[in-house]
Each structure stands twice: as structure tokens, then as C-alpha cells.
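S.K.: Following is a predicted model, sequence given first.
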Amino acid sequence: MKAARIHAHGGPEVIRIDDVPIPSGDTLIKVAATSYNPTELAVRAGMFRIDLPHTLGWDLAGEVDGDPVIGFVDSGAAAEFATAPADRIVPAPKNIPLHHAAAIPLAGLTAYQVVQDVEAGQRVLINGAGGGIGSFAVQLAKHKGAHVIATASPRGIDSVQRYGADEIIDYTKQVPTKPADVMIHLVGTPPPWTPPAPEVITAAAQFPGARHIVMRYSEDHLSTLVSLVEAGVITVDVTESYPLAAMAEVHRKGEAAAFHGKVTIVMP
């Protein structure tokens, strides 16, 4: 089978498409697609301890014995086949293409957990609403009854509006100053302005005064996300798709911050 692997740490050029044996153990999944997550740049660059060679990919959508599933694995999703414990996969949404469903697990679970304590009627500022996690966070906060103020770049404004944001701030022209009850920070660097909220939650850059959330896998949370997608509460916004052979190009574009929304990588 084909798999996107790294044999050394470095730039996008270290990514190779290798022919490797089909894995064994746990549940075998015929992978339809994985998704790109910015944190994988840090994995490739050597910021985490991993065994080499390493097969990239955490999110997956595929089939088990012909049944469509999605899931989250510790590694190995960027391949034609992957294995996962049974509790790491759930039935895929029936109302969207299977390769789009690969965009859900990491970004969706992170967003679900950062908005978990949001209450109806709160003013919630989401900084970085145009990104992959942001697309889910805006929709989930709106579903909880919050008044959502979202920051986005000019190219992301239309998308954020579709997600249901009540107010949109073009961060290239304006700094958020209106008071909010909660600020959710989804940008890779600390904000260069004082957060206008007494409670700050970050799933990205850590900084003083912010509560840092690290996604924890939950089968129940992932199943809930699937239900919300099927109910039409959440739209899965896949902005671009690439073949597995283009994984190095995806990483190059990711380093250049060339993406907004979610990007999927489709198997041969």
C-alpha cells in the first residue's frame, strides 16, 4: 500500500510516498481520506518524540468491512490502510461525502471542547474563526445560543458569515475592543492586543491568563459531532483536497499559511 512517511526530520522535502505492507492488529480501515492539521508541521520538524520512519496523519475517514467510519489515530492515517482500536472509530455521517468527513475528528473535537463551557446568551469572541477549528467553533457556539463575534481575514469573511457569526471583524484592519464574556483563541501566536474578555481559552498559543485546552479524544464527543452534522447543525467546510502524492506540497502550503478552512488528502 502507499503511505506518506518521514524517515528524518526536516522540511516538506523529507516526506516520501512509500510502498509498505498493510498493517495488522486492531481494526483494519480502508482509508478514503485523511486531513491536514497544522500541528503535523511540528511533528515533521522534530518537535515531538516519535519513532522513525513515521507515517503521517491523525484524522481518517474510510471503511471497515464496507461500513463508512471516521476516526482519530495516533499516527498512520495518511495511507491506503490504517489500524485503530475499536473505540477510536465511529460511524461516519451519512449526509456528506466520506472524504469530507475526514475533516471532522481533530478540528471538530478541539472546537467541541473549547466551547464546552459556553452558555446561551454569552458574548463569545472567536479569534481565528476562519481556520479549520474555527469553522467548527463558530457553529458549535451558535448552537449553544451564544452571540458570536468572529475575527477573520478578508478571504475568510464569507465563510465565517456562513457559519453563523453575529459580528465579523477583519483583523487586518481592526482590533477587537467590544467587551465579551469569553474569548476563544485559535491562532498560533498570542494576540498582540489585550483580550476584551475576563475568560480566555486557547487551543493554540499559550500565554498568561489563558486556559489552555489540549484536545482529548472522546468517542462520545465524536459521535455527538456526527449527529450534529447529520442534523444540519454543523456544516463541514472542506476548502481544498489533494491526492496523497501531493502531501509535501500540502505541507509547503501549510507553512506559508496558504489554507483556510479544512484541507483533505484523498487516497489513490
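M.R.: Received the coordinates, thanks. Keep in mind the model is a prediction, meaning the values are calculated, not measured.

S.K.: if I look at the closest residue to residue 225 other than its chain neighbours, how far off is residue 136?
M.R.: If you skip the residues right next to it in sequence, residue 225 has residue 108 as its closest partner in space, 4.6 Å away by CB to CB, 6 or more residues apart in numbering. For the C-beta atoms, the positions are set from N, CA and C on the backbone; glycine is no exception. Per CB to CB, to the nearest Å, residue 108 is found 5 Å from residue 136.

S.K.: still on that earlier bit, burial of the residue nearest to residue 225, as a residue count?
M.R.: 32 (other CB atoms under 10 Å).

S.K.: cool, and the one 3 residues further on?
M.R.: Here the neighbour count serves as a burial measure; for residue 111 (other CB under 10 Å) it reads 29.

S.K.: circling back to that earlier point, outside of the helix or strand the residue nearest to residue 225 falls within, which residues touch it?
M.R.: Here residue 108 is covered by helix 105-114, with elements defined by DSSP states H and E. Contacts to helix 105-114, defined as CB atoms under 8 Å, 6 or more residues apart in numbering, come from residues 35, 37, 58-60, 70-72, 132-137, 140, 184, 186, 201, 203, 213, 215-218, 221-222, 224-225, 234, 262.

S.K.: Give the full set of residues in contact with residue 201.
M.R.: Contact criterion CB under 8 Å, 6+ apart gives 114, 182, 183, 184, 185, 210, 211, 213 as the residues in contact with residue 201.

S.K.: By neighbour count, which of those residues wins?
M.R.: By neighbour count, taken as other CB under 10 Å, the most surrounded of the contacts of residue 201 turns out to be residue 184 (31 neighbours).

S.K.: Partner strands of whatever helix or strand that residue lives in, with direction?
M.R.: Secondary structure assignment for residue 184, by DSSP H and E: strand 182-185. Strand pairing for strand 182-185, determined by DSSP bridges: strand 123-127 (parallel), strand 199-202 (parallel).

S.K.: ok now it, how far from the chain's centre?
M.R.: Centroid separation between strand 182-185 and its chain, computed with CA atoms, centre = their mean, to the nearest Å, is 17 Å.

S.K.: now the stretch 51-200 of the chain, which segments are flagged as low pLDDT?
M.R.: Counting by pLDDT under 70, not a single residue of the stretch 51-200 of the chain qualifies.

S.K.: so who does residue 248 touch?
M.R.: 12, 13, 15.

S.K.: list the contacts for the last one?
M.R.: Residue 15 makes contact with 4, 5, 6, 44, 56, 247, 248, 251, according to CB under 8 Å, 6+ apart.

S.K.: Quick check: closest non-adjacent residue to the fifth one.
M.R.: For residue 56, ignoring the flanking residues on the chain, the nearest one in space by CB to CB, 6+ apart is residue 78 at 4.2 Å.

S.K.: domains of the protein?
M.R.: Residue ranges for each domain of the chain read 2-104+236-266, 109-212, as given by automatic domain parsing.

S.K.: Which of the residues in stretch 215-224 are classified as buried?
M.R.: By neighbour count on 16 or more other CB atoms under 10 Å, the buried set for stretch 215-224 is 215, 217, 221, 222.

S.K.: Just give the closest residue to the second one, not the sequence neighbours.
M.R.: For residue 217, ignoring the flanking residues on the chain, the nearest one in space by CB to CB, 6+ apart is residue 72 at 5.4 Å.
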